[in-house]
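Q: make a model of this:
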Amino acid sequence: MFSQDTSRRDFLLIVCASVSWGTVGIANQTLYTSGVTNALSLSFLRLAIATPLFFLACWMRLGRSLFHIKRLDLGVIMLMGSMIAFSQACSHRSWLYPLSGWHSFGIRDGGKYCHHV
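A: This next block holds a predicted model:
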(Lines give C-alpha, C1' and ligand atoms only; values in the text may rest on other atoms or scores of the structure.)
Protein backbone atom coordinates (compact mmCIF):
# COMPACT_ATOMS: atom_id res chain seq x y z
CA MET A 1 0.00 0.00 0.00
CA PHE A 2 2.03 3.00 1.25
CA SER A 3 5.67 2.81 2.20
CA GLN A 4 7.05 4.27 5.40
CA ASP A 5 9.13 6.79 3.37
CA THR A 6 6.07 8.05 1.50
CA SER A 7 4.10 8.53 4.70
CA ARG A 8 6.99 10.36 6.34
CA ARG A 9 7.44 12.62 3.29
CA ASP A 10 3.72 13.39 3.16
CA PHE A 11 3.71 14.20 6.87
CA LEU A 12 6.66 16.58 6.48
CA LEU A 13 4.98 18.30 3.53
CA ILE A 14 1.84 18.83 5.60
CA VAL A 15 3.90 20.23 8.49
CA CYS A 16 5.74 22.62 6.15
CA ALA A 17 2.48 23.80 4.61
CA SER A 18 0.93 24.32 8.05
CA VAL A 19 3.90 26.31 9.33
CA SER A 20 3.90 28.43 6.17
CA TRP A 21 0.16 29.07 6.46
CA GLY A 22 0.45 29.91 10.15
CA THR A 23 3.20 32.48 9.69
CA VAL A 24 1.52 34.43 6.87
CA GLY A 25 -0.48 36.58 9.28
CA ILE A 26 2.59 37.50 11.31
CA ALA A 27 4.59 38.37 8.21
CA ASN A 28 1.73 40.42 6.74
CA GLN A 29 1.21 42.35 9.96
CA THR A 30 4.93 43.11 10.17
CA LEU A 31 4.98 44.42 6.61
CA TYR A 32 1.83 46.50 7.14
CA THR A 33 3.04 48.12 10.37
CA SER A 34 6.46 48.92 8.93
CA GLY A 35 4.76 50.69 6.03
CA VAL A 36 6.75 48.78 3.43
CA THR A 37 3.72 47.70 1.41
CA ASN A 38 -0.06 47.63 1.21
CA ALA A 39 -2.53 44.78 0.72
CA LEU A 40 -2.76 45.14 -3.04
CA SER A 41 0.98 45.07 -3.69
CA LEU A 42 1.43 42.22 -1.23
CA SER A 43 -1.21 40.18 -3.07
CA PHE A 44 0.54 40.89 -6.35
CA LEU A 45 3.92 39.84 -4.97
CA ARG A 46 2.50 36.60 -3.60
CA LEU A 47 0.96 35.83 -6.97
CA ALA A 48 4.10 36.82 -8.89
CA ILE A 49 6.25 34.52 -6.76
CA ALA A 50 3.84 31.59 -6.38
CA THR A 51 2.72 31.28 -10.01
CA PRO A 52 6.13 30.44 -11.51
CA LEU A 53 6.93 28.10 -8.61
CA PHE A 54 3.65 26.18 -8.97
CA PHE A 55 4.04 26.10 -12.74
CA LEU A 56 7.55 24.66 -12.39
CA ALA A 57 6.39 22.06 -9.85
CA CYS A 58 3.50 21.00 -12.10
CA TRP A 59 5.77 20.89 -15.15
CA MET A 60 8.25 18.66 -13.31
CA ARG A 61 5.45 16.33 -12.16
CA LEU A 62 3.22 16.24 -15.26
CA GLY A 63 5.42 17.31 -18.19
CA ARG A 64 3.57 18.06 -21.41
CA SER A 65 0.34 16.58 -20.06
CA LEU A 66 0.09 19.77 -17.97
CA PHE A 67 -1.45 21.46 -21.01
CA HIS A 68 -3.97 18.72 -21.83
CA ILE A 69 -7.13 20.34 -20.47
CA LYS A 70 -10.63 19.33 -21.49
CA ARG A 71 -12.62 22.08 -23.17
CA LEU A 72 -15.32 22.08 -20.48
CA ASP A 73 -12.70 22.26 -17.72
CA LEU A 74 -10.99 25.16 -19.47
CA GLY A 75 -14.30 27.04 -19.53
CA VAL A 76 -14.80 26.44 -15.80
CA ILE A 77 -11.24 27.62 -15.09
CA MET A 78 -11.75 30.78 -17.13
CA LEU A 79 -15.08 31.50 -15.43
CA MET A 80 -13.63 31.02 -11.94
CA GLY A 81 -10.62 33.23 -12.73
CA SER A 82 -12.88 35.94 -14.13
CA MET A 83 -15.13 35.87 -11.08
CA ILE A 84 -12.16 36.10 -8.70
CA ALA A 85 -10.74 39.03 -10.70
CA PHE A 86 -14.15 40.74 -10.65
CA SER A 87 -14.44 40.21 -6.90
CA GLN A 88 -10.97 41.67 -6.32
CA ALA A 89 -11.73 44.65 -8.55
CA CYS A 90 -14.98 45.38 -6.70
CA SER A 91 -13.28 44.98 -3.34
CA HIS A 92 -10.44 47.32 -4.32
CA ARG A 93 -12.91 49.87 -5.68
CA SER A 94 -14.85 49.83 -2.40
CA TRP A 95 -11.63 50.64 -0.53
CA LEU A 96 -10.92 53.58 -2.81
CA TYR A 97 -14.41 55.05 -3.04
CA PRO A 98 -16.45 54.46 0.11
CA LEU A 99 -20.15 55.14 -0.34
CA SER A 100 -22.06 57.66 1.78
CA GLY A 101 -19.26 58.16 4.30
CA TRP A 102 -19.10 54.52 5.40
CA HIS A 103 -15.65 52.95 5.29
CA SER A 104 -14.75 49.36 4.78
CA PHE A 105 -13.46 47.62 7.91
CA GLY A 106 -10.06 47.28 6.19
CA ILE A 107 -9.38 51.01 5.90
CA ARG A 108 -7.31 52.59 8.63
CA ASP A 109 -7.70 56.14 9.88
CA GLY A 110 -4.92 57.31 12.14
CA GLY A 111 -3.98 53.74 13.12
CA LYS A 112 -7.50 52.82 14.22
CA TYR A 113 -10.17 51.06 12.24
CA CYS A 114 -13.07 53.38 11.52
CA HIS A 115 -16.64 52.51 10.71
CA HIS A 116 -18.12 55.90 9.85
CA VAL A 117 -16.60 59.27 9.06
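Q: what's the pLDDT at Leu66?
A: According to the per-residue confidence, Leu66 scores 84 in pLDDT.
Q: equivalent analysis for the one 5 residues further on, please.
A: According to the prediction, Arg71 has pLDDT 88.
Q: measure Ser87 to Phe44 for me?
A: 16 Å (CB to CB, to the nearest Å). Every C-beta, even on glycine, is put in place using the N, C-alpha and C of the backbone.
Q: my bad, should have said Ser65
A: Relative to Phe44, and taking CB to CB, Ser65 is found at 30 Å.
Q: packing partners for the longest helix along the chain?
A: Taking DSSP state H as the criterion, the chain has its longest helix at helix 4-34. On a contact count with 3 or more CB pairs under 8 Å, 6 or more residues apart in numbering; DSSP states H and E, helix 4-34 meets helix 39-62.
Q: list the helices and strands the helix it packs on packs on?
A: Counting contacts by 3+ CB pairs under 8 Å, 6+ apart, helix 39-62 is packed against helix 4-34.
Q: report the buried residues of the helix it packs on.
A: Under the neighbour-count criterion of 16 or more other CB atoms under 10 Å, helix 4-34 has Leu31 buried.
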